[in-house]
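Asks: kindly generate the corresponding structure for this input.
(2 chains)
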Amino acid sequence: MLDRLIDRLPALLLLAVLALCAHVALFDRERPVVLAAAAPGVVVLLLYLRSGGGGRRGARRGAER
Amino acid sequence: MSSPLHLDPQSWRLAVCLLVFLAAVHAYRKLSPYFAVTWFGSGLVFGWVWAQGPVLPETLLLPVGVIYLAAALTKGLVEQGRFAGNHVLHVALAGLLTAVVAAPLEAAARAMGWPLPRGAPALLPSELDGPWLGDVPADVLLQWLLLGSAFYGLYKLLDHSGLGVALRTLLLFAAMPFLPAGVEAVWRALQ
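Replies: Numbers count the residues shown, from 1 in each chain, chains lettered A, B, ... in the order given. The predicted model follows:
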């Protein structure tokens, strides 16, 4: 369980970064324009998940340096 | 809209420290203890030299955390199929993803007035700056791109140099204080 969570850490960390930006944009500063900085990150997150990088297979591939 | 959760500078510090801690856990478990120690150890040396102004935990740790996350995402995206083993592409994409990962963090920190490692001298036309970058100057993103490529490129170069582990580690740590000067030299050459 913990191992699977660690496998997915890069995707989860990127999601957390995007969530932090969204929180600042929508709640703390109420300036939705700040969200524009997160748009490329959303695309990368989707591409990463689609490539299987966030799963066990992807993590094993990534570990084979 | 309102939220019961208000993010203050302490939250920013906690977020950056957590990012780096969890990234180090990932490196330790999925790559190797050696990789985790050398990457984050040399990253601390780099962060110390890179940060301008007072050295705070968040300014010290942010570069190494962002670059690690970008490198991990790059591995997931290109270390497969026909792109496997293409080191130049890998380093270039790691730089690009460093800017992509740094952009939301820069935007949030700038909007809130949280401390950041350093700004970037003007290089690109000011027309590039604007709301489409979330009010982050394009120069700052270009600087992150250079930073990610330089840090990851140096690590990869030494990793594939064929040198012994002890010498490689020594060279990596010894090169870190000079890496900011290298990035600044590239910046001056671009101006």
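Asks: residues touching A:Pro40, list them.
Replies: With contact taken as C-beta atoms under 8 Å, 6 or more residues apart in numbering or on different chains, A:Pro40 is in contact with B:Val100, B:Ala103. From N, CA and C alone the C-beta is placed, and that goes for glycine too.
Asks: which SSE is it in?
Replies: helix A:39-50 (DSSP states H and E).
Asks: report the buried residues of that helix.
Replies: Within helix A:39-50, the residues that count as buried by 16 or more other C-beta atoms under 10 Å in any protein chain shown are A:Ala39, A:Pro40, A:Gly41, A:Val42, A:Val44, A:Leu45, A:Tyr48, A:Leu49.
Asks: distance-wise, check the third one relative to B:Arg13.
Replies: When you say that, I think you mean A:Gly41. Noted for A:Gly41: a distance of 21 Å to B:Arg13, by C-beta to C-beta, to the nearest Å.
Asks: now A:Arg4
Replies: Distance, A:Arg4 to B:Arg13, by C-beta to C-beta: 29 Å.
Asks: and the two? which has more neighbours close in?
Replies: A direct count of neighbours by other C-beta atoms under 10 Å in any protein chain shown for A:Arg4 and B:Arg13 places B:Arg13 higher, at 17 against 10.
Asks: could you look up the SS state of the more buried one?
Replies: Taken by DSSP: H, G, I helix; E, B strand; the rest coil, the conformation at B:Arg13 corresponds to helix.
Asks: what about the closest residue to it other than its chain neighbours, how many neighbours?
Replies: Excluding the flanking residues, the one nearest B:Arg13 by C-beta to C-beta, 6 or more residues apart in numbering or on different chains is B:Glu58, at 4.8 Å. Neighbour count of B:Glu58, defined by other C-beta under 10 Å: 26.
Asks: same question, B:Leu124
Replies: Look at B:Leu124: counted by other C-beta under 10 Å, it has 15 neighbours.
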